[in-house]
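Trainee: Structure for the following, please:
(one chain, ligands or ions: 2)
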Amino acid sequence: ATPTAIMVGTGLGARRGVLFKNATALEATARIDTVVLDKTGTLTKGEPEVTDVVAAGLEEQEMLALAAAVERESEHPLARAVDRYARQQGLPTLAATDFVNKPGHGASASVGHHRVLVGNRRLMDSEQIRLGELDERRAALSASGRTVVLVAVDGRAVGVIALADAVRESAGAAVTSLHEAGVRVVMLTGDNEATARRIAGQLGIDGVIAEVLPQDKATHVGRLQQMGRKVAMVGDGVNDAPALAQADVGIAIGAGTDVAIETADVVLMRSDPLDVPIAMRIGRATMRKEH
Ligand code: ADP
Ligand code: MG
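Mentor: Numbering: from 1, shown residues only. Ligands and ions are numbered 1, 2, ... in the order given. Okay, the predicted model is just below:
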């Protein structure tokens, strides 16, 4: 593209809060045929709220208080939501020691003389904890699009905490607009497969890659590139930074973490998924002015 076309494209983007960091970013955006979107914080608002609590073998309040004691030590958005919910319920604040964070899995800590685990099915599997009667509730809640956090105390599954994270208003329209531009849309998430599929289905997303460990997100982007796709990755988290770097174009949500914003080629200041197809259209229009 000519320097003038680049200036016009960059200026058009800036007016909408779509910041192209350089001319290469604008040109690469024009060639994208696949958009990979992180789920939590990108397609959703990233502000999960507890919706359902199921306890087995322990009083619900005791189970929640133990889980919250662990989650109070964690920065994870799910952990923040569990802690907040327990406080809203007026539960006692128990002290946790020996906190261990397990990225992509959950966390554990000692609370009084109990060892408490809080996290996903992969965490429970790795600790050989059987869910028993709780598994049915877990499956049903996941299938309804809830993110499910499991709780185990002293090696026994005692609870299911379900959380919902509202989908960003324009997420569906963004997918439709990308389809109109001939782009394939894929969701990439650390969350459970059933939860991811439910939300992807609601939004009309073509493909789902779920239960991905934080360190593996970039590998999945690389795999799509090996298949000949020109990939834009859209993300918000620290987790997403390597995948943003790997992609042909890394796009960060403005409300995201500093690392994501620094790594990205394009930043969406309004945190609006609809700005993804808009960035692409600006890129394509800019490149057409080449001839
Ligand atoms: P995402 O890619 O959706 O942003 P993460 O990679 O941060 O997710 O986490 C993946 C999964 O690991 C979560 O969906 C959750 O099941 C589990 N997890 C991680 N940390 C915690 C925690 N502190 N409490 C409960 N679950 C957790
Ligand atoms: Mg995220």
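Trainee: For ligand 1, what is the nearest residue in this protein?
Mentor: Proximity of the chain to ligand 1 (C-beta to the nearest ligand atom) peaks at residue 190, 2.7 Å away. In this view, the C-beta of every residue, glycine as well, is placed from N, C-alpha and C.
Trainee: My guess is that residue contacts residue 214. True?
Mentor: Yes. Assessed by C-beta atoms under 8 Å, residue 190 is found in contact with residue 214 at 6.4 Å.
Trainee: between the two, what contacts are shared?
Mentor: Jointly contacting residue 190 and residue 214 under the rule C-beta atoms under 8 Å, 6 or more residues apart in numbering are 104, 239.
Trainee: Which one of those two is surrounded by more residues?
Mentor: Comparing residue 190 with residue 214 by other C-beta atoms under 10 Å, the one with more neighbours is residue 190, at 23 against 17.
Trainee: Surely that one is in a helix?
Mentor: No. Using DSSP: H, G, I helix; E, B strand; the rest coil, the assignment for residue 190 is coil, not a helix.
Trainee: mind checking the longest strand of this structure?
Mentor: strand 156-164 (DSSP state E).
Trainee: hmm, that strand touching ligand 1?
Mentor: No. Shown here: strand 156-164 not in contact with ligand 1 (C-beta under 6 Å from any ligand atom), separated by at least 8.4 Å.
Trainee: List the buried residues for that strand?
Mentor: 157, 158, 159, 160, 161, 162, 163, 164 (16 or more other C-beta atoms under 10 Å).
Trainee: following it, which helix or strand comes up?
Mentor: helix 171-180 (DSSP states H and E).
Trainee: quick check: mean pLDDT across that next one?
Mentor: Helix 171-180 shows a mean pLDDT of 98.
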